[in-house]
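Q: sequence? don't have it. structure:
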């Protein structure tokens, strides 16, 4: 059971021997996959209901500290250590009063594509402790579906059934198609 919560709606992520999940109370948990015991928990500012995104890592590296990315209902994006739950950074992505995070962010080639009342591309520093905004586009706004990156394109599907294709380098919309 989740303390102070009646539901958990986030899609879990797994890796490094743990399952990661968010909750209505804003607690994000790392549960050991073998025992089910809590490894760590992190308190976000509000409900975490979007999918969590785990950074891939090189299994041959001497020391690893992959990041776990997620957003909260009030439009904050977080990066925490997947091993310890320690906060690396937190950023309000959009100042719009209706900005929420319901779709999972997409990580591709060191860029985190964050859906929140639009789509924002954050270029991550090599150590993961900071980022630089690459671009922001309201024309690539997804609904509850997470964006998808393939090669040099990013695709998003909004709540009205419009599929949009954009350029990953500029955020420029390349085409749109209404699905029937």
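A: Nice, I can see it. Small disclaimer: the values here were computed from a predicted structure and weren't measured.
Q: so who does the nearest residue to residue 86 once chain neighbours are set aside touch?
A: With sequence-adjacent residues excluded and distances taken as Cβ to Cβ, 6 or more residues apart in numbering, residue 86 is closest to residue 80, at 6.3 Å. For every residue, glycine as well, the C-beta is placed using N, CA and C. Under the criterion of Cβ atoms under 8 Å, 6 or more residues apart in numbering, the neighbours of residue 80 are 28, 42, 67, 68, 86, 87, 88.
Q: got it, and residue 30?
A: Under the criterion of Cβ under 8 Å, 6+ apart, the neighbours of residue 30 are 18, 19, 20, 38, 39, 40, 41, 68, 82, 85.
Q: where are the low-confidence patches of this structure?
A: Low-confidence segments of the chain, defined by pLDDT under 70, span residues 1-2.
Q: what sits against the residue nearest the centre of it?
A: Residue closest to the average C-alpha location in the chain (Cα atoms, centre = their mean): residue 105, at 3.2 Å. Each residue near residue 105 by Cβ under 8 Å, 6+ apart is listed here: 50, 53, 69, 70, 71, 77, 112, 113, 114, 115, 146.
Q: same thing but 6 Å
A: Neighbouring residues of residue 105 by Cβ atoms under 6 Å, 6 or more residues apart in numbering: 53, 69, 112, 114.
Q: let me know the secondary structure of residue 64.
A: Secondary structure assignment for residue 64 (DSSP: H, G, I helix; E, B strand; the rest coil): coil.
Q: what's the closest non-adjacent residue to it?
A: Spatial nearest neighbour of residue 64, chain neighbours left out: residue 57 (4.7 Å); criterion: Cβ to Cβ, 6+ apart.
Q: likewise residue 129?
A: For residue 129, ignoring the flanking residues on the chain, the nearest one in space by Cβ to Cβ, 6+ apart is residue 88 at 5.3 Å.
Q: the one you found: which element?
A: Element membership of residue 88 [criterion: DSSP states H and E] is strand 87-92.
Q: tell me what that strand is packed against?
A: Other elements packing on strand 87-92 under the criterion 3 or more Cβ pairs under 6 Å, 6 or more residues apart in numbering; DSSP states H and E are strand 76-81.
Q: list the strands paired with the strand it packs on, with their directions.
A: Its sheet considered, strand 76-81 pairs with strand 67-71 (antiparallel), strand 87-92 (antiparallel) by DSSP bridges.
Q: go through the longest one and flag the buried ones.
A: Okay, so that is strand 87-92. By 16 or more other Cβ atoms under 10 Å, the buried positions in strand 87-92 come out as 88, 89, 91.
Q: any idea how far the first one lies from residue 130?
A: This means residue 88. Relative to residue 130, residue 88 is positioned 8 Å away (Cβ to Cβ, to the nearest Å).
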